[in-house]
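Trainee: here is my input, please return the structure:
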Amino acid sequence: MLSIEDNELLTRTGPGTAMGDLFRRFWLPVALSSEVGPYVEGPTKVSVLGEKLVAFRNKDGSVGLVDSACPHRLANLYWGRNEGDGLRCVYHGWKFDKEGNCLDQPAESEETCFKEHVKLTAYPTREVGGAIWAYMGPKDKQPPFPAFEFSLVPDDHVYSSKRLQLCNWLQNLEGELDTAHVQQLHQHEVVEGSMVALAPSYEIKDTGFGMLMIARREGKDGTPHEGKINWRMTPYIMPAGTLIPQTPDRPQHLTFAVPVDDVTMMGYTVSWRPDKPLTAEDMRRFTEDDILHLRVDPKTFLPLANIHNDYMIDRKSQATETMTGIPGLRLQDVAVQEDQAGPISQRHREKLGSTDMAIVMMRRKLLDTLKGMQNGVEPPQPGAHESFNCHSVFAEESSDLSWQDVFRAAQPEGSKIALEA
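Mentor: From the prediction side, this is the model:
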């Protein structure tokens, strides 16, 4: 259960809100690289954290991200002309570069130097892993770009996608951290006599990037099954990212919930192989199976199966084959996240159990961070950029090994993550 006041604090992310200020301390994905075409194609609409922006690409390939409202008379710069070194408003011809500097005011006298006193809100960007990332916070607090492993590998090792989700960002993050739902929501068939316990034991550890959620499953009798422990470790990357637990032979996956406004979000998924290009089978799964990446409308990014068509639910399949009758793991997640008594969950009505520990600890960490910021204490995670180079864990290992042993063995070479004992 969360109080109404704390729920408001965590779910409101527009300009001037506490949670919005926290989001703005981090680099966030704001568009796919494929959305921002060559300069002759013009700018691209971007909505994030309650702000209406436009992205545009210069002749040199660099990307600008600026307020969509021209500071002259607030005409929408989406209609602007991209001239390769800046964006010109079509209303009166004012031109701005990607840093927000006013380069030209055709109707103003050069003698007035008026353009030197006009500044368009602009945000620094980085193009990494097939996405445009932006920092939208105070300039004097801009952190280094996080050292995600996918930022260090060739382009053909990485695939990124996004989807529009019709709910508040926090519902998505809570779903990503909730490992207990996997055996229920995502079961393709009921497995009789499973030797692994459905109810895991949990540990939560603080890390430089945020927190590590550790789920340990033993045999149904409470002892290791055949001398093995089943481990599922989920890194929570503040403020709204997770690494989905994967076995070592599969690609790694980062998910990130980015608020569009308080009732919609973009869910970004970045998938990569650290040691080789993505395979044809990887790409087939990403583009056809709706497991982690969804098929979407190319203009709106709303999934093709969505709340308006009941996610293509098949009640016969639900009765005989799967828990939900909804095709694809990601769609199953979206269905239960988009309608939790509305697009913003009424968390004061919840009845949380022991399996909700990760969600409770995440909320507490965010609330503590917000209260610290209100008292002038900056969050340490943006500055711990090297710790973002990490992997999730999904493995069965000898019961002789500690969780620290299992986690460290799965990490990339050169990873710099300090772990609690």
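
Trainee: end to end on stretch 117-125, go ahead and measure it.
Mentor: This stretch, stretch 117-125, spans 24 Å end to end (CA to CA, to the nearest Å).

Trainee: got the buried residues for that stretch?
Mentor: Neighbour counts over stretch 117-125 (16 or more other CB atoms under 10 Å) mark 118, 120, 122-125 as buried. For glycine as for every other residue, the C-beta is placed from the backbone atoms N, C-alpha and C.

Trainee: contact partners of that stretch?
Mentor: Stretch 117-125 is contacted from outside by 30, 53, 55, 62-67, 70-72, 94, 96, 98-102, 105, 132-136, 142, using CB atoms under 8 Å, 6 or more residues apart in numbering.

Trainee: most distant residue from the middle of the chain?
Mentor: residue 111 (47.6 Å; CA atoms, centre = their mean).

Trainee: next, residue 116: secondary structure please.
Mentor: Of the three states, residue 116 takes helix under DSSP: H, G, I helix; E, B strand; the rest coil.

Trainee: those helices in the stretch 201-350 of the chain, which residues are they?
Mentor: Using DSSP state H, counting those that start in this stretch, the helices of the stretch 201-350 of the chain run over residues 280-288, 315-320, 329-338.

Trainee: can you redo the ones you listed as a markdown table with mean neighbour count and distance to residue 170?
Mentor: Listed next are those as a markdown table, based on neighbours: other CB atoms under 10 Å; distance: least, CB to CB, whole Å:
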| stretch | mean neighbour count | distance to residue 170 |
| --- | --- | --- |
| helix 280-288 | 13 | 26 |
| helix 315-320 | 11 | 28 |
| helix 329-338 | 21 | 10 |
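
Trainee: same list (the ones you listed) but as CSV, adding distance to residue 159 and mean pLDDT.
Mentor: Putting the helices of the stretch 201-350 of the chain into CSV (distance: least, CB to CB, whole Å; pLDDT from 0 to 100) gives the following:
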stretch, distance to residue 159, mean pLDDT
helix 280-288, 5, 95
helix 315-320, 28, 89
helix 329-338, 14, 92
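
Trainee: which one, of these, ends up nearest to residue 260?
Mentor: Shortest distance between residue 260 and the helices of the stretch 201-350 of the chain, using CB to CB, is found for helix 329-338: 13.5 Å.

Trainee: only the C-alpha atoms, please, for the helix or strand just after the closest one, written as PDB.
Mentor: Moving toward the C-terminus from helix 329-338, the next helix or strand (DSSP states H and E) is helix 357-374. Provided in PDB are the C-alpha atoms of helix 357-374 (Å, rounded to 0.1, in the frame of the first residue of the first chain):
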ATOM      1  CA  MET A 357       9.400  -6.900  -1.700                       C
ATOM      2  CA  ALA A 358      11.200  -5.600  -4.800                       C
ATOM      3  CA  ILE A 359       8.300  -3.200  -5.600                       C
ATOM      4  CA  VAL A 360       8.200  -1.900  -2.000                       C
ATOM      5  CA  MET A 361      11.900  -1.400  -1.900                       C
ATOM      6  CA  MET A 362      12.000   0.400  -5.300                       C
ATOM      7  CA  ARG A 363       9.200   2.700  -4.200                       C
ATOM      8  CA  ARG A 364      11.000   3.400  -0.900                       C
ATOM      9  CA  LYS A 365      14.300   4.100  -2.700                       C
ATOM     10  CA  LEU A 366      12.600   6.600  -5.100                       C
ATOM     11  CA  LEU A 367      10.800   8.300  -2.200                       C
ATOM     12  CA  ASP A 368      14.000   8.600  -0.100                       C
ATOM     13  CA  THR A 369      15.800  10.000  -3.200                       C
ATOM     14  CA  LEU A 370      13.100  12.600  -3.800                       C
ATOM     15  CA  LYS A 371      13.100  13.700  -0.200                       C
ATOM     16  CA  GLY A 372      16.900  13.900  -0.300                       C
ATOM     17  CA  MET A 373      16.700  16.100  -3.400                       C
ATOM     18  CA  GLN A 374      14.200  18.400  -1.700                       C
END
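
Trainee: buried residues in helix 357-374?
Mentor: By 16+ other CB under 10 Å, the buried positions in helix 357-374 come out as 357-359, 361-363, 365-367, 369-370, 373.

Trainee: give me the mean pLDDT for stretch 177-189.
Mentor: Mean pLDDT, computed over stretch 177-189, is 67.

Trainee: how about stretch 297-313?
Mentor: Mean per-residue pLDDT for stretch 297-313: 96.

Trainee: in strands, which of the buried residues of stretch 117-125 appear?
Mentor: Within the buried residues of stretch 117-125, residues falling in strands by DSSP state E are 122-123, 125.

Trainee: using CSV, lay out the residues you listed together with distance to residue 253 and pLDDT.
Mentor: Listed next are those as CSV, based on distance: CB to CB, whole Å; pLDDT from 0 to 100:
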residue, distance to residue 253, pLDDT
122, 31, 99
123, 26, 99
125, 23, 99
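
Trainee: residue 281: which of those is nearest?
Mentor: Nearest to residue 281 among those: residue 125, at 32.5 Å, using CB to CB.

Trainee: verify the stated contact: residue 212 with residue 237.
Mentor: No: counting by CB atoms under 8 Å, residue 212 does not reach residue 237; the two are 10.4 Å apart.

Trainee: many thanks, I have nothing further to ask.
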